[in-house]
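Engineer: Build me a model:
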Amino acid sequence: MMYQDSIDQASEKAALTIAFLQRHRLAAHPVNYTVSYDYISGVNAELCHAIEQKLLSKIGFDDFIMAELYSNFIVPASKENERLVQSMHKMVSQLSQTSESAAIALDDYIEVLDLSLVSLRGDNPTQARETLHKVLDATYDLRTSQKKLQEELYHSTEQSHQLRTELEAMKQNRQVDPLTGLYNRLAMQEHVDLWLTDNPKRQIAAISVDLDHFRQFNQDYGSSIGDVILSKVAKKISAYVQESGLPVRAGGEEFLILLPDVDLRTASEIAEQIRRGVEKLRFVSSRSKKALPKVTISLGVSLYQAHENWHQFLARSAQVLGIAKKRGRNQVASENML
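Structural biologist: Presented below is the predicted three-dimensional model:
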């Protein structure tokens, strides 16, 4: 797995990783640390989904489970990266060899032409004919090498398009939550970095969202139905976010909506629209055909402050969300209430 964190970002994630290991009473050996760090970073969407499912179902973590996660999600991702690197290396190597052969053929042809020009200036017809034959043979050899180079270039172009498509798909998979189709935390960090690089003082509003009593819902109706609910709620959340906004699955039953260049009042109005929209959703069990309990959400709205790092901001957003929960859930809280 390739990481592109700065020293500060890596330090923050390392601290969160250690906290995760301590919270679940796991030793900080390489396997546990790698799984936890990739989960905190959000670089492996499938791994994040698997861990979040275990968190939702309240399955404890131990070395055996962490080793299983490592084997199922870390190793295959590394092998896929290695396969793409090898494919690119093979393509470049083949093209380099063909280009080198074509260059040698061209040098030989130029040398033949230089010698031929000297011979053709003479008065010997026999020598002139022999020289012309040499030029024709050299021209044929050059044509053959150039044709091979052309074919190799065409083949390499096709390969590069295929590799580009696979790399784009990998990038997409790394940035999107497989269950809900929303962005994951890795994509969130990349977008935020771009926004703040463009304007360090940029105003970013965040709406933290949590499904009310969802763990109990999963226990009562099963994680399969729970996944359907999460997917439907995610779709409803996305419907209220403009193209400039970023809907994120932050983990488990938690979502985060980032809204650049939006003030606190506008963000609170959007949050209330989302709350009402989700409250109107109705669900029916595909097995029993009976109506499922109404799903509601709690929301917390806050603004990013330039003096705080991103993880501090997320922690403060969680505090604001906690206010909505303490006040009875199914409502919107603002950072003004802190």
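
Engineer: From the contact counts, what lies against the host helix or strand of Lys235?
Structural biologist: Under the criterion of DSSP states H and E, Lys235 resides in helix 223-239. Applying 3 or more C-beta pairs under 8 Å, 6 or more residues apart in numbering; DSSP states H and E, one finds that helix 223-239 contacts helix 45-56, strand 204-211, helix 214-221, strand 246-251, strand 254-260, helix 264-279. To be clear about C-beta, it is placed using only N, CA and C from the backbone, and glycine gets the same treatment.

Engineer: cutoff 10 Å now
Structural biologist: helix 45-56, strand 204-211, helix 214-221, strand 246-251, strand 254-260, helix 264-279, strand 297-303 (3 or more C-beta pairs under 10 Å, 6 or more residues apart in numbering; DSSP states H and E).

Engineer: Give me the distance from the third one to the chain's centre.
Structural biologist: Taking C-alpha atoms, centre = their mean, to the nearest Å, the mean C-alpha location of helix 214-221 is offset from the chain mean by 29 Å.

Engineer: Going forward, the N-terminal residue is numbered 333.
Structural biologist: Okay, residue one is now 333; in that scheme the one you just asked about reads as helix 546-553.

Engineer: quick check: angle from it to strand 586-592?
Structural biologist: Relative orientation of helix 546-553 versus strand 586-592 (axes from the mean of the first three to the mean of the last three C-alpha atoms, to 10 degrees): 140 degrees.

Engineer: Please work out the average pLDDT along helix 546-553.
Structural biologist: Mean per-residue pLDDT for helix 546-553: 88.

Engineer: Could you do the fifth one as well?
Structural biologist: In this model, strand 586-592 has a mean pLDDT of 94.

Engineer: by how many degrees do it and strand 578-583 diverge?
Structural biologist: Using the same axes, to 10 degrees: strand 586-592 against strand 578-583 is 150 degrees.

Engineer: just the first one next, same as before
Structural biologist: When the same axes, to 10 degrees is applied, the directions of helix 377-388 and strand 578-583 differ by 50 degrees.

Engineer: Helix or strand next in line after the helix or strand Arg475 falls within, which one?
Structural biologist: For Arg475, the element it lies in under DSSP H and E is helix 457-507. Per DSSP H and E, the first helix or strand lying C-terminal to helix 457-507 is helix 517-530.

Engineer: returning to that earlier point: in the helix holding Lys567, what counts as buried?
Structural biologist: 557-562, 564-566, 568-570 (16 or more other C-beta atoms under 10 Å).

Engineer: so it versus helix 377-388, what angle?
Structural biologist: 120 degrees.

Engineer: still on that earlier bit, dump the buried residues of helix 555-571 into JSON lines; add distance to Asn404 as well.
Structural biologist: Formatted as JSON lines, these follow (distance: C-beta to C-beta, whole Å):
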{"residue": "Ile557", "distance to Asn404": "24"}
{"residue": "Gly558", "distance to Asn404": "21"}
{"residue": "Asp559", "distance to Asn404": "18"}
{"residue": "Val560", "distance to Asn404": "23"}
{"residue": "Ile561", "distance to Asn404": "25"}
{"residue": "Leu562", "distance to Asn404": "21"}
{"residue": "Lys564", "distance to Asn404": "27"}
{"residue": "Val565", "distance to Asn404": "27"}
{"residue": "Ala566", "distance to Asn404": "24"}
{"residue": "Lys568", "distance to Asn404": "31"}
{"residue": "Ile569", "distance to Asn404": "29"}
{"residue": "Ser570", "distance to Asn404": "29"}
